[in-house]
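Enquirer: Sequence plus predicted model, see below.
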Amino acid sequence: MSDQFSSGLSLPPISPLPPADRARQVGEALVDYIAKAQLRAGDRLPAERELMATLAVGRSTIREVIRRFQALGVIETRKGSGNYLLRPVSRATVHMPLSLDTDSLRDGLLKTLQVRRGLECEAAMVAAQVRTQDDLVDIESKLEEMERVHLEKGASGPEDLAFHLSIYAATHNPLFRQLLEQMREAFERFWSHPFERHDFARRSFPFHRTLFEAISAQDAEAARAETLKILEIVEEDIKDMSK
């Protein structure tokens, strides 16, 4: 035999799958199941315990996949009842991989910021125009939690992200969340202490309150302006902290 595996060459060992790949595999397996079972909108999915046992993964992985599908508008979770399919899916309709190869965290963040600026400015404007009273309650709740944690710890990355996600939800356009879901890894770097700095974008903290006030007042241009203030500070900190 002449292939590389029988030629005596010393090859590096194959590494175990990282958690992110495992979640991707579980997602693909769930999509395959939905297609093979010919589930329709409104059908109930297998329970978490059944998925854990069948796919041999932990609860956290199953829940991560469910959250991704929720963001894509594929699955709805009903409290006390389970997870239900909102629309039929295949691998083609769920998986739209995006990649960004850069030599440094700085370049990656700046390129991602260009996309984030377009999405978040538009989302803020749309949310200001179409938000409901329930949306305002949700956004303000996320804002108050962000403010509480920020004042207590000096940083509030996950709570900051939750605030921005609530604005996406207030657009009532699932494409905003779907696009964000495809770029989740790149976007989440903004809220995970880039450059090992807990004070990253801290100066933007007050503008989250003024952004909420603009959305509450249904002032789309003001919402856009406040979003730009936040992202301008983010850009300044990327450049300053990466020197």
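Expert: All right, it came through fine.
Enquirer: dump the residue contacts of Arg197.
Expert: Applying Cβ atoms under 8 Å, 6 or more residues apart in numbering, we find Arg197 in contact with 237, 241. C-beta coordinates here come from the backbone N, C-alpha and C atoms, glycine included.
Enquirer: In three-state terms, label the closest residue to Val130 other than its chain neighbours for me.
Expert: Counting by Cβ to Cβ, 6 or more residues apart in numbering, His172 is the residue found nearest to Val130 once chain neighbours are left out, at 5.7 Å. Recorded secondary structure, His172: coil (DSSP: H, G, I helix; E, B strand; the rest coil).
Enquirer: just checking, His172 touches Gln129?
Expert: No. His172 is beyond contact range of Gln129, at 10.2 Å (criterion: Cβ atoms under 8 Å).
Enquirer: count of residues packed around Lys229?
Expert: Lys229: 17 surrounding residues under other Cβ atoms under 10 Å.
Enquirer: lowest-pLDDT helix or strand in this structure?
Expert: In the chain, no helix or strand scores lower on mean pLDDT, DSSP states H and E than helix 91-94, which sits at a mean of 62.
Enquirer: Buried ones in whichever helix in the chain runs longest, by neighbour count?
Expert: Counting residues, the longest helix found in the chain (DSSP state H) is helix 105-130. By 16 or more other Cβ atoms under 10 Å, the buried positions in helix 105-130 come out as 106, 108-110, 112-113, 115-117, 119-128.
Enquirer: still on that earlier bit, tell me the phi and psi of the residue nearest to Val130?
Expert: phi 60, psi 30 (degrees, to the nearest 10).
Enquirer: roughly how far apart are it and Leu105?
Expert: 34 Å (Cβ to Cβ, to the nearest Å).
Enquirer: do Lys229 as well
Expert: In terms of Cβ to Cβ, Lys229 sits 23 Å off from Leu105.
Enquirer: now swap in Ser166 and tell me
Expert: Using Cβ to Cβ, one gets 27 Å for the distance from Ser166 to Leu105.
Enquirer: What of Val26?
Expert: The value you get for Val26 to Leu105, if Cβ to Cβ is used, is 28 Å.
Enquirer: Grab the nearest non-local neighbour of Ala127.
Expert: Using Cβ to Cβ, 6+ apart, the closest residue to Ala127 is Ala170 (3.9 Å).
Enquirer: what sits against the one you found?
Expert: Counting by Cβ under 8 Å, 6+ apart, Ala170 has contacts 127, 130-132, 135-136, 138-139, 215.
Enquirer: again, only using 6 Å
Expert: 127, 131, 135 (Cβ atoms under 6 Å, 6 or more residues apart in numbering).
Enquirer: Show me the shaky parts of this protein.
Expert: Within the chain, the segments meeting pLDDT under 70 span 1-20, 91-102, 184-185.
Enquirer: quick one: the strands in it?
Expert: 75-78, 82-85 (DSSP state E).
Enquirer: can you list contacts of the last one?
Expert: Spelled out, that is strand 82-85. Contacts for strand 82-85 (Cβ under 6 Å, 6+ apart): 39, 41, 43-45, 75-77.
Enquirer: Go through these and name the one nearest Ala222.
Expert: Closest approach between the contacts of strand 82-85 and Ala222, by Cβ to Cβ: Glu76, at 33.0 Å.
Enquirer: so that closest one touches Leu86, yeah?
Expert: Yes. Using Cβ atoms under 6 Å, Glu76 is in contact with Leu86, at 5.3 Å.
Enquirer: quick one, helices of the chain?
Expert: Ranges of helices in the chain, per DSSP H, are 19-36, 48-55, 59-71, 91-94, 105-130, 133-153, 157-169, 174-182, 184-188, 205-216, 220-241.
Enquirer: and Asp199, how far is that from Met241?
Expert: 9 Å.
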